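>>> Dropping a prediction and its sequence here:
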Amino acid sequence: MNAPNKSGWKPEMETALPGAEAPTHTGNRALMLEEPLIFEIGSSDTTGVDLPEATGGTNRLGGMERSEAIGLPGLSEPETVRHYTRLSRQNYAIDLGLFPLGSCTMKHNPRLNEKVARMPGFADVHPLAPQGAIQGALAVIHELGEWLKALTGMPGVAMSPKAGAHGELCGLLAIRAALDARDDPREVVLVPTSAHGTNPATAAFCGYRVEEIGATADGRVDMAALEARIGPDVAALMITNPNTCGLFERDIHRMAEAIHAAGGFLYCDGANFNAIVGRVRPGDLGVDAMHINLHKTFSTPHGGGGPGSGPVVFSEALAPFAPLPAVRLAGGRFHLVEEETQVDHGHGQSFGRLAAFHGQMGMFTRALAYILSHGADGLKQVAEDAVLNANYVLRRCEDVLHAPYGASGPCMHEALFGDEGFAEGFTTLDLAKALIDEGYHPMTMYFPLVVHGAMLVEPTETESKAALDQFIGALRSVAERARAGDPALKQAPVHAPRRRLDETLAARKPVLVWSEGE
Ligand SMILES: *Cc1c(COP(=O)(O)O)cnc(C)c1O
C-alpha cells in the first residue's frame with residue numbers, strides 16, 4: 001500500500017498468513033500490491049487538474065452553481081492509472097488461466113475476432129446510420145443468422161436479444177403470441193429440475209405458473225412424471241439440453257412428441273450448445289425455440305469482459321411471431337425491417353420489440369469471425385473436443401471426487417462431482433477456496449441443486465492436455481485434502497489478497513456508497 005491511509009484500514013496480517021513472519025512496511029507482498037478504495041487514497045480536497053481561478057467575465061449560471069463539495073476523491077493522473085491497474089491485477093481472466101466455471105463455457109477468445117470487431121466499418125457503426133451506409137454491417141447480421149439457422153436446422157431467427165436469459169424471454173413471448181393468436185390461454189410452463197435456473201425465472205417473469213418435473217437417478221428428466229403432467233393447460237416445456245448435470249436428454253424426441261400432441265411448445269435452453277454444435281441440429285429434435293449464447297459457444301469475451309448476445313432460433317410454427325427488427329435480403333440489398341406492417345418478410349405477427357436497435361454488433365462480428373475461421377468441420381470438432389476434455393477430467397478425478405452420474409456413461413461438456421466422501425465438516429466451499437490458492441478460479445459450486453455439494457467443471461475445448469493435467473493435479477490435491485480432513489484447508493485461501501469474506505452479509509447488506517469515516 002503506497003498511498004496514505006485515512007480510514008484506519010489495515011492490511012491483513014493474520015498470523016496464519018505466509019509472510020506474516022516478515023511483514024512489510026507497505027503491506028505489499030512483492031509484486032502483489034495492496035490496494036485500498038479510491039476514496040481512501042484520494043482526497044476530496046485535492047484535484048488532478050490544476051486550473052487557475054477564473055477572473056473577469058460574468059457568471060451566467062443564474063444561481064445554479066455548486067454550493068457543496070462534490071465528494072469525489074482527488075488523485076493525480078498517475079495515481080489514478082496505478083489504482084485501476086493494481087485492481088486489474090487482482091482479476092482472474094481466461095487470458096490468465098483455465099476458468100473451469102461450469103455452464104459458462106469460458107473458452108479462449110481468438111484474437112482474430114478482436115481484430116475483425118475493431119475494423120472501423122464495424123466498430124464505428126451507429127445504430128441510427130442510414131441503411132444504405134451500413135450494408136456491410138447488416139450483411140454480417142444476416143450471414144450470422146443464416147449460420148445459426150443452418151447449425152440448428154431451424155427456419156427462423158431473432159438476433160436482437162442481448163443475453164441468454166433475454167433470449168429465453170424472447171422465446172416465451174413468441175410462444176405466448178402464438179397461443180394468443182389462436183385464443184388459447186394456457187397458464188403453465190413445465191421445467192425439469194435438470195434445467196438451468198434462468199428457465200423457471202423466465203417463465204415466472206412471463207406470468208406463467210411454473211411446475212417442476214423431477215429427475216431420474218441417472219440425472220435426466222423423469223419421463224413418466226412428465227407424460228403424466230402434460231395436458232391442455234401447458235403452454236410449454238422448457239428444457240436445458242445438454243442439461244445442467246452435463247448430460248444429453250436422450251428422450252428429447254419423446255418429449256417433443258408429447259408436448260406437441262398436447263398443443264404446447266418445446267423451448268430448449270441452448271446455452272450448452274458447445275457440446276453438440278455441428279453434431280446435432282435441435283430443429284431435428286423437435287425444438288420450437290432455442291436461444292444461443294454467442295458469448296459462450298461462439299467465443300466473444302464475457303464474465304466481466306464483455307456483453308452477452310443471445311439470438312433465438314424458431315421452428316416454422318413460431319417464426320412468424322419473432323420480434324423486430326429483423327434483417328432481410330431483398331433486391332440485392334439488406335433491409336432492417338422495423339415495422340410490423342412489412343408482413344412479406346415472414347414476421348407478420350411479431351410480438352413486438354425486445355431492444356431499441358438490432359442487437360450486439362460487436363458480438364455479431366466476433367461470432368461470425370469465429371464461425372468462419374472454424375468452418376463447419378471445425379465447429380464439429382469444437383463439440384467433440386469439449387466433450388473429450390470434460391470426460392478426461394471426469395475419469396481422472398472420479399476416484400477422489402464422487403461422480404454421481406459417472407457410472408451412467410460419458411458426460412457431455414461438463415464433469416459433475418459431489419461432496420460425498422469429504423471428511424466430517426469439510427465442504428465444497430473449502431475445496432473451492434483451496435483452488436484459489438492453487439491459482440484457479442473455482443468451478444461452479446452448489447449447482448445443479450440435484451447433487452449435494454455440487455461441483456460443475458467445464459474445461460472447454462480450448463485447453464491443452466498439459467493445461468488439463470495441471471488443473472487435474474490441483475483438483476485431485478485439494479480433493480484429497482478434503483477427504484483427509486486437512487485442517488489447513490479450512491484456512492484457504494491463504495495466498496489471495498483477501499481471505500474468506502462474509503458473502504452472505506455482502507449480499508444481504510451491500511455497502512454501495514462510501515462515506516467518510518465508515
Ligand atoms: C449462461 C446460461 C444461461 C443464461 O445466459 P446469460 O447470457 O447469462 O443470460 C441460461 N442457461 C444456461 C444453461 C446457461 O449456461
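Yep, that arrived. Numbers count the residues shown, from 1 in each chain.

>>> and the gap between residue 192 and residue 477?
Distance, residue 192 to residue 477, using C-beta to C-beta, to the nearest Å: 35 Å. Bear in mind the C-beta positions are built from the backbone N, C-alpha and C, glycine included.

>>> between those two, which one's more packed in?
Remark: of residue 192 and residue 477, residue 192 carries more neighbours, 26 against 14, as counted by other C-beta atoms under 10 Å.

>>> Who does that one form a beta bridge with?
Residue 192 has these beta-bridge partners by DSSP bridges: residue 213.

>>> and it, what does it touch?
Neighbouring residues of residue 192 by C-beta atoms under 8 Å, 6 or more residues apart in numbering: 212, 213, 214, 215, 221, 222, 226, 239, 240, 243.

>>> Show the buried residues in those residues.
Buried by 16 or more other C-beta atoms under 10 Å: 213, 215, 221, 222, 226, 239, 240, 243, out of the contacts of residue 192.

>>> and the residue of the chain found nearest the ligand, how many neighbours?
For the chain and the ligand, the shortest gap (C-beta to the nearest ligand atom) falls at residue 164, measuring 2.2 Å. Residues lying near residue 164 (other C-beta under 10 Å) number 25.

>>> How about residue 125?
Other residues near residue 125 come to 18 when the count uses other C-beta under 10 Å.

>>> With residue 185 instead?
Residue 185 has 9 neighbours, counted by other C-beta under 10 Å.

>>> what do you get for residue 472?
Number of residues near residue 472 (other C-beta under 10 Å) recorded here: 18.

>>> Pretty sure the residue of the chain closest to the ligand sits against residue 271.
Yes. Using C-beta atoms under 8 Å, residue 164 is in contact with residue 271, at 4.8 Å.

>>> Common neighbours of the two, please.
291, 293, 296.

>>> Among those residues, which are located in strands?
Members of the shared contacts of residue 164 and residue 271 lying in strands (criterion: DSSP state E): residue 291.

>>> how about a markdown table for the shared contacts of residue 164 and residue 271, with pLDDT added?
Listed next are the shared contacts of residue 164 and residue 271 as a markdown table, based on pLDDT from 0 to 100:
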| residue | pLDDT |
| --- | --- |
| 291 | 98 |
| 293 | 97 |
| 296 | 96 |
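
>>> The shared contacts of residue 164 and residue 271: which ones sit near the ligand?
residue 293 (C-beta under 6 Å from any ligand atom).

>>> circling back: I'd like the contacts of residue 192 laid out as JSON lines, including distance to residue 354 and pLDDT.
Formatted as JSON lines, the contacts of residue 192 follow (distance: C-beta to C-beta, whole Å; pLDDT from 0 to 100):
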{"residue": "212", "distance to residue 354": "27", "pLDDT": "97"}
{"residue": "213", "distance to residue 354": "28", "pLDDT": "97"}
{"residue": "214", "distance to residue 354": "32", "pLDDT": "95"}
{"residue": "215", "distance to residue 354": "31", "pLDDT": "93"}
{"residue": "221", "distance to residue 354": "29", "pLDDT": "96"}
{"residue": "222", "distance to residue 354": "33", "pLDDT": "96"}
{"residue": "226", "distance to residue 354": "29", "pLDDT": "97"}
{"residue": "239", "distance to residue 354": "22", "pLDDT": "96"}
{"residue": "240", "distance to residue 354": "21", "pLDDT": "95"}
{"residue": "243", "distance to residue 354": "26", "pLDDT": "94"}
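
>>> okay if I get these as TSV plus distance to residue 256?
Output for the contacts of residue 192, formatted as TSV (distance: C-beta to C-beta, whole Å):
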residue	distance to residue 256
212	20
213	15
214	19
215	19
221	12
222	16
226	11
239	10
240	15
243	15
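
>>> Okay, and which of those map to strands?
If you go by DSSP E, those have 212, 213, 239, 240 in strands.

>>> can you pull out the strands in the stretch 251-400 of the chain?
Assigned by DSSP state E, counting those that start in this stretch, the stretch 251-400 of the chain shows strands spanning 265-269, 289-291, 312-314, 326-330, 333-337.

>>> just so I know, which of those lies nearest residue 117?
strand 326-330 (18.2 Å; C-beta to C-beta).

>>> okay, that closest one in PDB with CA atoms only?
Output of strand 326-330 as PDB, limited to C-alpha atoms (Å, rounded to 0.1, in the frame of the first residue of the first chain):
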ATOM      1  CA  ALA A 326     -35.000  -8.300 -38.500                       C
ATOM      2  CA  VAL A 327     -32.600  -8.100 -41.300                       C
ATOM      3  CA  ARG A 328     -33.900  -9.200 -44.700                       C
ATOM      4  CA  LEU A 329     -32.200  -9.600 -48.100                       C
ATOM      5  CA  ALA A 330     -34.300  -8.300 -51.000                       C
END
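
>>> surely residue 339 meets residue 350?
No. Look at residue 339 against residue 350 with C-beta under 8 Å: they stay out of range, at 9.5 Å.

>>> Common neighbours of these two, please.
What both residue 339 and residue 350 touch, as defined by C-beta under 8 Å, 6+ apart, is the set residue 324.

>>> Between these two, which has more neighbouring residues?
Using other C-beta under 10 Å as the criterion, residue 339 and residue 350 rank with residue 350 on top: 23 against 10.

>>> can you tell me how far the more buried one sits from residue 359?
Residue 350 is 15 Å from residue 359, by C-beta to C-beta.

>>> doesn't residue 176 make contact with residue 185?
No. Counting by C-beta under 8 Å, residue 185 stays clear of residue 176, with 9.8 Å between them.

>>> Give me every residue in this protein lying close to the ligand.
Residues of the chain lying near the ligand (C-beta under 6 Å from any ligand atom): 103-104, 163-165, 196, 198, 240, 269, 271-272, 293, 308, 310.

>>> Neighbour-wise, give me the winner out of the residues you listed.
Of all the residues of the chain next to the ligand, the highest neighbour tally under other C-beta under 10 Å goes to residue 310, namely 30 neighbours.

>>> so how far is stretch 441-453 from its chain's centroid?
Between the centre of stretch 441-453 and the centre of its chain there are 16 Å (C-alpha atoms, centre = their mean, to the nearest Å).

>>> what mean pLDDT would you report for that stretch?
Regarding stretch 441-453, the rounded mean pLDDT is 94.

>>> CA atoms only for that stretch, dumped as PDB, please.
Only the C-alpha atoms of stretch 441-453 are listed here, as PDB (Å, rounded to 0.1, in the frame of the first residue of the first chain):
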ATOM      1  CA  HIS A 441     -10.900 -19.600 -10.500                       C
ATOM      2  CA  PRO A 442     -13.200 -22.200  -8.700                       C
ATOM      3  CA  MET A 443     -15.600 -24.200 -10.700                       C
ATOM      4  CA  THR A 444     -19.400 -23.600 -10.400                       C
ATOM      5  CA  MET A 445     -20.500 -24.700  -6.900                       C
ATOM      6  CA  TYR A 446     -23.700 -25.900  -5.300                       C
ATOM      7  CA  PHE A 447     -25.300 -26.100  -8.800                       C
ATOM      8  CA  PRO A 448     -27.100 -28.100 -10.100                       C
ATOM      9  CA  LEU A 449     -29.200 -28.400  -6.900                       C
ATOM     10  CA  VAL A 450     -29.900 -32.100  -7.500                       C
ATOM     11  CA  VAL A 451     -26.400 -33.000  -6.400                       C
ATOM     12  CA  HIS A 452     -25.200 -32.400  -2.800                       C
ATOM     13  CA  GLY A 453     -22.300 -30.000  -2.700                       C
END
